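Student: I need the structure of the sequence given here:
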Amino acid sequence: MQQVIGFLRNSRAYDLLFKPQTKTPGDVQEVARGYLLIAVFYLHAMIGVASYMGDQAWYSLIQLKLLAPNVSAFFLLNGMAAPALGKKGPSSVLHLSVALFLFAMISHVIGFLILLIGVGYASNGEAARALFEPLLLGTGYSSFVGWFFIVLAIARLFAYAFLRSKPVFLLIVGVSVLAIWIGKKLGAPDNIFEWRNWLTATLFFLIGMKLPDARKIPGWAAMLALALTLLLAMINRHGIFRIGPCLTCDLHFISQPMVGQYGSIFVYVPQQLLFIIFLLWAAKISAPLLIGRTARFFGQASLPILLLHGWVLLILYPSMLAGMPRVETPFLFVAILCTAIVVHALLYSCLTWPLHWLQAQVFKLSQIGQRRQKVRRQLATAQ
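Tutor: Residues are numbered from 1 along each chain as shown. Okay, the predicted model is just below:
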């Protein structure tokens, strides 16, 4: 028993949860990212709950309406973490985007294997299409999180082009629009490479690069931002400026960061900016507390944990939903939240080594071309 306690005391989780932590801007961003990951765990569970409850769903729909739009905060935080993106060389920027594409592919392939083993496919042809079409078309991934890696990879490239050269950026946008149009004419899926998310992802990434230090956000501003972001999330819907706001008219509509799903982009963008103000302030004040350290535990390893979450969705969430009562209660929601946190924390703790090994291999693979160029330059210099 003492050996187990000693092991836990020497673990990274113990350091994060029970030892004092500093509050640098990077620490605050990790805490904020952790809160978003916990919200994603819960959000995906709420999607299942609302579907399972059917016509009896009410509180789960309200929570989805308030929580789901805020996935864009991930792009704002990624922009905050890359304030000098425009000063980097093209190869280093491309390297990370390639790595994100590889993460999306790995997420999908392992998710496909989970589905193949768990439920199977009607034929070998159907299984082959389920495996290869998403890899070729960049949409329809099996794991529910692959889309995020794709969109972030492309948003970083668009943001870099915008910062380095506006004419090049406009050229890339024009070529992308043409390629999407041609793809649709040839029968490609409507959302090939998740293009409907590119606009807001790039916009929020660029805005995130300019966001102030969380330590400069006063409490009164954060509380006001929270009230306003909740209000805007509830009233946002298609045609809001034509037919007016309504709190309960369309609970099934959930605004998302994609073309055709904003509700009104003039409501969605301010709502997200207000949310990130509150999130950063909440991360700042809670960073030394147990809840903040729990969030930072997830935020420090966001890539491997997001990968893991995609597979947890496929393996554990269906069985968890099958045992639920058909009544929405506060206890049900608290139990789902706590279970999601504990399950992901335990699985990540048990699978830390393979997940980080996989992450290291992805980054190595994404740098192959870059390393070859470096070797060629060294050889040329030596000659």
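
Student: give the next helix or strand downstream of the helix or strand hosting R296.
Tutor: R296 is located in helix 290-299, with elements delineated by DSSP states H and E. Heading C-terminal from helix 290-299, the first helix or strand you meet, by DSSP H and E, is helix 302-315.

Student: what about the helices in the stretch 201-350 of the chain?
Tutor: 219-235, 240-243, 265-286, 290-299, 302-315, 317-322, 330-350 (DSSP state H, counting those that start in this stretch).

Student: now the first one, how far from the chain's geometric center?
Tutor: With Cα atoms, centre = their mean, to the nearest Å as the basis, the distance from the averaged C-alpha position of helix 219-235 to the chain average is 22 Å.

Student: next: the third one.
Tutor: Relative to its chain's centre, helix 265-286 lies at 16 Å (Cα atoms, centre = their mean).

Student: quick revisit: closest to A128 out of the helices of the stretch 201-350 of the chain?
Tutor: helix 302-315 (19.0 Å; Cβ to Cβ). C-betas here are computed from N, CA, C, even on glycine.

Student: and that closest one, what does it pack onto?
Tutor: The contact analysis (3 or more Cβ pairs under 8 Å, 6 or more residues apart in numbering; DSSP states H and E) places helix 302-315 against helix 25-53, helix 90-118, helix 330-350, helix 352-366.

Student: same thing but 6 Å
Tutor: Here helix 302-315 touches helix 90-118, going by 3 or more Cβ pairs under 6 Å, 6 or more residues apart in numbering; DSSP states H and E.

Student: now do the helix it packs on against helix 352-366, angle only.
Tutor: 130 degrees (axes from the mean of the first three to the mean of the last three Cα atoms, to 10 degrees).

Student: list the buried residues of the next helix or strand after helix 90-118.
Tutor: Counting by DSSP H and E, the element after helix 90-118 in chain order, helix or strand, is helix 124-137. Within helix 124-137, the residues that count as buried by 16 or more other Cβ atoms under 10 Å are A130, L131, P134, L135, L137.

Student: how about the contacts made by the third one?
Tutor: For P134, the contacting residues are H108, G140, Y141, taking Cβ atoms under 6 Å, 6 or more residues apart in numbering as the criterion.

Student: repeat that for the fourth one.
Tutor: Residues near L135 by Cβ under 6 Å, 6+ apart: M105.

Student: how near is it to V109?
Tutor: 8 Å (Cβ to Cβ, to the nearest Å).

Student: do the same with the second one
Tutor: Counting by Cβ to Cβ, the separation of L131 from V109 is 7 Å.

Student: check the last one too.
Tutor: Here L137 is placed at a distance of 15 Å from V109 (Cβ to Cβ).

Student: what number of residues lie near W281?
Tutor: Residues lying near W281 (other Cβ atoms under 10 Å) number 23.

Student: actually, G140.
Tutor: Residues near G140, counting by other Cβ under 10 Å: 17.

Student: the chain should start at 37 in everything you say after this.
Tutor: Got it, first residue is 37 now, which makes that one G176.

Student: so where is this structure shaky, pLDDT-wise?
Tutor: 37-59, 61, 284, 404-419 (pLDDT under 70).

Student: correct me, but F311 touches T265?
Tutor: Yes - counting by Cβ atoms under 6 Å, T265 is a contact partner of F311 at 4.3 Å.

Student: name the residues of the strand or helix carrying A197 that come out as buried.
Tutor: Using DSSP H and E, A197 maps to helix 182-200. Using 16+ other Cβ under 10 Å as the test for burial, helix 182-200 gives 182-199.

Student: next, give phi and psi for the closest residue to D63 other than its chain neighbours.
Tutor: The shortest distance from D63 to any non-neighbouring residue, by Cβ to Cβ, 6 or more residues apart in numbering, is to A323 (5.9 Å). Backbone torsions of A323, given as degrees, to the nearest 10, read phi -50, psi -40.

Student: from F111, how far off is A323?
Tutor: Applying Cβ to Cβ to A323 and F111 gives a distance of 22 Å.

Student: and the two? Which one has more around it.
Tutor: F111 (28 against 22).

Student: ok, the more buried one - contacts?
Tutor: F111 touches A237, F240, F241, counting by Cβ under 6 Å, 6+ apart.

Student: my understanding was that the last one contacts G115; is that so?
Tutor: Think F241. Yes - between F241 and G115 there is a contact at 4.1 Å, judged by Cβ under 6 Å.

Student: which one's more surrounded, the two?
Tutor: F241 (27 against 24).

Student: how much space separates the more buried one from L100?
Tutor: F241 is 25 Å from L100, by Cβ to Cβ.

Student: also L112?
Tutor: The gap separating L112 from L100 is 20 Å, by Cβ to Cβ.

Student: ok, S133 next?
Tutor: When S133 is compared with L100 (using Cβ to Cβ), they lie 30 Å apart.

Student: so what's the residue count around the residue nearest to G275 when sequence neighbours are not counted?
Tutor: Nearest-residue entry for G275: S300, 7.9 Å, with adjacent residues in sequence omitted and distances by Cβ to Cβ, 6+ apart. S300 has 19 neighbouring residues, counting by other Cβ under 10 Å.

Student: do the same with A250
Tutor: A250 has 25 nearby residues by other Cβ under 10 Å.

Student: same question, N114
Tutor: 22.

Student: now name the helix or strand holding it.
Tutor: Under the assignment here (DSSP H and E), N114 is part of helix 109-116.

Student: from L268, how far out is R278?
Tutor: Taken as Cβ to Cβ, the span from R278 to L268 is 17 Å.

Student: ah, wrong one, I meant F277
Tutor: Counting by Cβ to Cβ, the gap from F277 to L268 is 13 Å.
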